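# Build me a structure from this.
(2 chains)
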Amino acid sequence: MDCYTANWNPLGDSAFYRKYELYSMDWDLKEELRDCLVAAAPYGGPIALLRNPWRKEKAASVRPVLDIYSASGVPLASLLWKSGPVVSLGWSAEEELLCVQEDGAVLVYGLHGDFRRHFSMGNEVLQNRVLDARIFHTEFGSGVAILTGAHRFTLSANVGDLKLRRMPEVPGLQSAPSCWTTLCQDRVAHILLAVGPDLYLLDHAACSAVIPPGLAPGVSSFLQMAVSFTYRHLALFTDTGYIWMGTASLKEKLCEFNCNIRAPPKQMVWCSRPRSKERAVVVAWERRLMVVGDAPESIQFVLDEDSYLVPELDGVRIFSRSTHEFLHEVPAASEEIFKIASMAPGALLLEAQKEYEKESQKADEYLREIQELGQLTQAVQQCIEAAGHEHQPEMQKSLLRAASFGKCFLDRFPPDSFVRMCQDLRVLNAVRDYHIGIPLTYSQYKQLTIQVLLDRLVLRRLYPLAIQICEYLRLPEVQGVSRILAHWACYKVQQKDVSDEDVARAINQKLGDTPGVSYSDIAARAYGCGRTELAIKLLEYEPRSGEQVPLLLKMKRSKLALSKAIESGDTDLVFTVLLHLKNELNRGDFFMTLRNQPMALSLYRQFCKHQELETLKDLYNQDDNHQELGSFHIRASYAAEERIEGRVAALQTAADAFYKAKNEFAAKATEDQMRLLRLQRRLEDELGGQFLDLSLHDTVTTLILGGHNKRAEQLARDFRIPDKRLWWLKLTALADLEDWEELEKFSKSKKSPIGYLPFVEICMKQHNKYEAKKYASRVGPEQKVKALLLVGDVAQAADVAIEHRNEAELSLVLSHCTGATDGATADKIQRARAQAQKK
Amino acid sequence: MAFPHRPDAPELPDFSMLKRLARDQLIYLLEQLPGKKDLFIEADLMSPLDRIANVSILKQHEVDKLYKVENKPALSSSEQLCFLVRPRIKNMRYIANLVNADKLAGRTRKYKVIFSPQKFYACEMVLEEEGIYGDVSCDEWAFSLLPLDVDLLSMELPEFFRDYFLEGDQRWINTVAQALHLLSTLYGSFPNCYGIGRCAKMSYELWRKLEEEEDGETKGRRPEIGHIFLLDRDMDFVTALCSQVVYEGLVDDTFRIKCGSVDFGPEVTSSDKSLKVLLNAEDKVFNEIRNEHFSNVFGFLSQKARNLQAQYDRRRGMDIKQMKNFVSQELKGLKQEHRLLSLHIGACESIMKKKTKQDFQELIKTEHALLEGFSIRESTSYIEEHIDRQVSPIESLRLMCLLSITENGEPKRPKTDKAAGKITDAFSSLAKRSNFRAISKKLNLIPRVDGEYDLKVPRDMAYVFSGAYVPLSCRIIEQVLERRSWQGLDEVVRLLNCSEFAFTDMIKDDKASSESLRLILVVFLGGCTFSEISALRFLGREKGYRFIFLTTAVTNSARLMEAMSEVKA
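Predicted coordinates:
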């Protein structure tokens, strides 16, 4: 215990840095690291090495080898590099290996060396070649930045959604910048580059020169720059051996340091932990490692071997041929507990527990001391937190034991933080295992989340471990076990040496009806490997028919897809299939398929109505659906045709169709309309004015209003307008004209088929009481009362009503009796009523 | 007068959550396009949108100017355009024209199309055909349930009726299923489900499938609503075709209630401006008369006016302190009530004027005769005269449809007129065989009345049609709820031609409280009328239930007929 802090190195007054071994590597490297292109993924990710790169100008006959190892040096893949010269390697956030070639092509490989896809960084890059490239990570994903031979930058902020951006030119740039890096501010990626003593910031609009505040004088060039993991801080290394550290916005200086080494460092990375005030940069030369921060002295380490630095969220990983180490700032909780002669509550609690185990009464003393200060809760929390930051399980255990011991003396200490830490540490220890090789720290794990960690395990095909973790943490099946099983199944279908039946059965056996498993995803994967039959077999297990359809379409099983789509009841899906079918089949076959599927047919018809009228016609033709054909032509005559001849012709076609459909009524009506159209045309020619598209009724009305009574009569006869209708029509038209004379003549032409009440009504509507009265007298007995009331002759109405002895009429008149004038009438009615009741 | 709810009536669930959900989702979508943008809104979506997020909320999320989607070139100068539309092909064309015009002019902007309530493949295909699929980004705003009132949810999809019942297009069924799914995740699953009609059955099955796919999370929620009843509009066209005489229905027929609010013109407001008024339970005056037969409304309003006057008058005898109290506490409420009262009185007068002009009594008399199935000859000649007088083609057609259905779809066709010929499509689809007479008899839809039907104290749901007819749809619901199944209604179901499509589903659930079992969600697929709502509210009061209504849209006879006539492209 005494030497526990032996590997702690103070930097300044307030911070300690420690370096400890994660793994001893036995990856049997044949070559030196310095001869390889190296890429290591953050969050304890894999390491890729491309040996024998082209810059060495070795014999071209030897193909280089691309090796991928886990962080513990376990080989994951090895493949011969057959493509062009590679400039840079890097890992994406999804742990895909991006290999940037000299010609600007980026090849993407999986963790197991499986080729995924490739994309190009554009023509400009292709022409000028790639000088240098960086892969960087932002909150949106992983980006690629490229420096071309023409000293221009091109970048894409997210390789998942490739959008190339060519950055503006740096004025007067003749040679490659001495160093550069990508920054990410306000959701936008920038490039910072150094040319001689000048710094330039490129955003997508402009290039601006920037000057770091408080930079020591005498700088003639910048040799190295480093941006922190979170893009918040920036460090610059100058040719004077001076290091400037500040914010990435270049607005503020944090500190500076002069190391007096003028040789350019091999690597420089930030080493800081989230929420810590300490800032430090790790600088590596060939044989020297230096940690500098806001302190006059630096920490120095000697490097025995060629090493490579991997910046992490809360520290730096350093690996070489033989070891893999982690360098970080000692977290506050650990510092409090383990600092020499610490009297922090956590330290005392740890001591107390140890004494307790030794059965010494000192345990009680320590405990009392903490309790007197009222800091037991804090002590327990400190121990739990410190346990999280320890790498050695032994130390974790002793801290947790101390916490558990302390907990016994607390009344209401919520147990979840302790339980959760135990769980987290079990998971972490499991994945840190040499065979798994993911050396995550507690902070990284929390940042990464369990879901992503599970994804990464799945990516490494560590299905059993992933499932064990899910079960251990009791994750909901949909997020946990079944998701992993689905991934397993996707992997399983790629095993080409197993027969379709066996694979399908094996998958179904293991997955069964586990909720959240999508058989269609697995089938898609099977199809992706060229196993169509297997895919169809797997689709059978898919309970949601909606999910089966897109894949069936892809596999060109469109008819099966159609019936599945209809089964699903989702019209949109049916539609998708329909349009596929339409392009795939010839017209006849397509129509035949539709015929057997009425729902699909009606859908397609509706689509045609809006989109392809001609197809609609063909559809009806094929089905001999004359009724619909008729309607179709009617519509066409109104919508599509402009000229009267065209319209009439379309109507004629419609009429023929209606005859074929044995719809006499529709056919006749259509023919009438044709006649009317022709006639209206003639009327327009002869009389002027607007007649086209008026209804028959309105045509006649217009004629009367225009004084063409003869023609009106003729039209009415031709089209056999019923008498009643004609009378209404004429009556309304003449009243509108206020041609009272003509109206009277008309009323006397013969006995009105609609009676004379309408005459009274219409005159009153035109406020002509005088005319109205003329007709009121002619109204038949049944409606007489109404008519008299209309013209306002209440007294006479009352007389008639009394005469009729009609109760309803009497009340009607009574309701019209208003004011004093009708008082007498009202009395009269009341009397008549009383009399009637007597009888 | 207005009947209060029974003291034991169950509480309604809080549906304002639906609004909040929709608003949050919309804001999220708008934020997906950071920076200033112009928003193009389809006319049909404007009123619903207004109920969800007003202009100031939109402005907060950097919406600069608002435009209506119409066939006019857009004058927007913004660099980012966002379209909020229904998934219709004509909208796609509009967007395509706009984008292609920009392309011709060498202009690049960002375009985003938000489909509500969902996007359809056909739309994406049109965008693809027009060559702009890559230029626009598409999103869905799954806003399918708008709470118009405390007990009324509307999907605001009037086209559902035409699409499904006339064109046989089933795509909205998925939307319905999604909406039901949303309700059951928010308010617990429904222990008892009933339904009738092909569409009801399909929606139900699709919904069940959705639930199965996602179970686990909804399970264990205490159901808040005990029953759900799905009903296709084509089970009962008759009710929807009748003229409405309940106040709310009459207002809808006369002024057209749109998205829960109505525009009262100058003739109602007795000023020179028209006024947009929100009609819901918050309007205290309206809430008391909405379900009343129109003949009672005037009396009620004048009583109310007198009361109000009395309350105003109280201040005469007041001392300073009381007066202060009165002004600070009561006056505002009184003024508000006064304003509402004068509005509704204005509306009543306006309705009276319009109705008496066209001899409303005659019309109602004819409709009742048709419903009861006597004096067909007089009714027919009334309709003929209606045509002869050229009152209104839609009205004439409505009466003919009513005649056709009530006469079992085999009427001696009146000498059909060109007006009808134009819309033969609609006519023939409506004039299919029905068994209205037999159903009417079986279900006792025409109440036997001895003497006057007292509309002030209604006895049954028939009051919504002046005591002449119990709405068929509501009667079916009543009967099924009484039996808790379709048992004993086989004959009715057969007569409705729906033997395959009537279903009951009980899900054993002991957790359902007795309170929730008296809450019933009625889903009208194809729209429902205010008369039906009033009738069921009445039934609820009688039996101690409370009904919640979910409809694809609120409809009435005119909308129904218009939906079926050919729309000018």
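
# Every contact and neighbour count from this point should use C-alpha atoms.
Fine.

# Next, count neighbours for B:Lys103.
If you count neighbours by other C-alpha atoms under 10 Å in any protein chain shown, B:Lys103 ends up with 13.

# Which SSE is immediately downstream of whichever helix or strand it is part of?
Under the criterion of DSSP states H and E, B:Lys103 resides in helix B:89-104. Remark: after helix B:89-104, the chain's next helix or strand is strand B:110-115, criterion DSSP H and E.

# count of neighbours near the residue in the stretch 51-200 of chain B that chain A sits nearest to?
Nearest residue of the stretch 51-200 of chain B to chain A (C-alpha to the nearest C-alpha) works out as B:Arg171 at 4.5 Å. Around B:Arg171 sit 20 other residues, with neighbours defined as other C-alpha under 10 Å.

# Tell me which residues of the helix holding B:Lys103 come out buried.
B:Ile89, B:Lys90, B:Asn91, B:Met92, B:Arg93, B:Ile95, B:Ala96, B:Asn97, B:Val99, B:Asn100 (16 or more other C-alpha atoms under 10 Å in any protein chain shown).

# how close does the first one get to B:Ala43?
Distance, B:Ile89 to B:Ala43, by C-alpha to C-alpha, to the nearest Å: 15 Å.

# do B:Gln32 as well
Taking C-alpha to C-alpha, one finds B:Gln32 at 23 Å from B:Ala43.

# So between those two, which is more surrounded?
B:Ala43 (15 against 11).

# Tell me who's in contact with the closest residue to the more buried one other than its chain neighbours.
In space, and not counting its chain neighbours, B:Ala43 is closest to B:Lys68: 6.1 Å by C-alpha to C-alpha, 6 or more residues apart in numbering or on different chains. By C-alpha atoms under 8 Å, 6 or more residues apart in numbering or on different chains, the contact set of B:Lys68 is B:Phe40, B:Ile41, B:Glu42, B:Ala43.

# The helix or strand harbouring the second one versus strand B:110-115: what angle between them?
Think B:Ile41. B:Ile41 belongs to strand B:37-42 when assigned by DSSP H and E. Relative orientation of strand B:37-42 and strand B:110-115, computed by axes from the mean of the first three to the mean of the last three C-alpha atoms, to 10 degrees: 30 degrees.

# List of residues touching strand B:37-42?
B:62-70, B:76, B:78-86.

# Kindly report the residues of chain B close to chain A.
Contact residues (C-alpha under 8 Å from any C-alpha of the partner chain) of chain B with chain A: B:89, B:120-122, B:167-174, B:202, B:206, B:213, B:385, B:388-389, B:418, B:421, B:424-425.

# Those in strands, which ones?
The strands, defined by DSSP state E, take in nothing from the residues of chain B next to chain A.

# In PyMOL, how would I select just the buried ones from the residues you listed?
Of those, the buried ones go into a single PyMOL selection, burial set by 16+ other C-alpha under 10 Å:
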select buried, chain B and resi 89+120+121+122+168+169+170+171+172+173+174+202+206+385+388+389+418+421+424+425
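
# Quick one: distance of whichever helix or strand the residue nearest to B:Ala43 is part of to the chain centre.
Secondary structure from DSSP H and E places B:Lys68 in strand B:63-69. Put simply, strand B:63-69 sits 27 Å off its chain's centre (C-alpha atoms, centre = their mean, to the nearest Å).

# List of residues touching whichever helix or strand comes after it?
The helix or strand immediately downstream of strand B:63-69 is strand B:80-85, counting by DSSP H and E. Contacts with strand B:80-85, where a contact means C-alpha under 8 Å, 6+ apart, come from B:33, B:36-42, B:45, B:91, B:109-116.

# same question, stretch A:702-721
With C-alpha under 8 Å, 6+ apart as the test, stretch A:702-721 has contacts from A:Asp672, A:Val700, A:Thr701, A:Leu726, A:Lys730, A:Ala733, A:Leu734, A:Leu737.

# List only buried entries from the residues you listed.
A:Asp672, A:Val700, A:Thr701, A:Leu726, A:Lys730, A:Ala733, A:Leu734.

# want to throw those into TSV with secondary structure, distance to chain B and pLDDT?
Converted to TSV, those look like this (DSSP: H, G, I helix; E, B strand; the rest coil; distance: C-alpha to the nearest C-alpha, whole Å; pLDDT from 0 to 100):
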residue	secondary structure	distance to chain B	pLDDT
A:Asp672	helix	9	87
A:Val700	helix	13	86
A:Thr701	helix	11	86
A:Leu726	helix	8	84
A:Lys730	helix	11	84
A:Ala733	helix	11	85
A:Leu734	helix	14	84
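
# closest to A:Arg682 among those residues?
Distance to A:Arg682 across the buried ones among the contacts of stretch A:702-721 (C-alpha to C-alpha) is lowest for A:Val700, with 14.0 Å.
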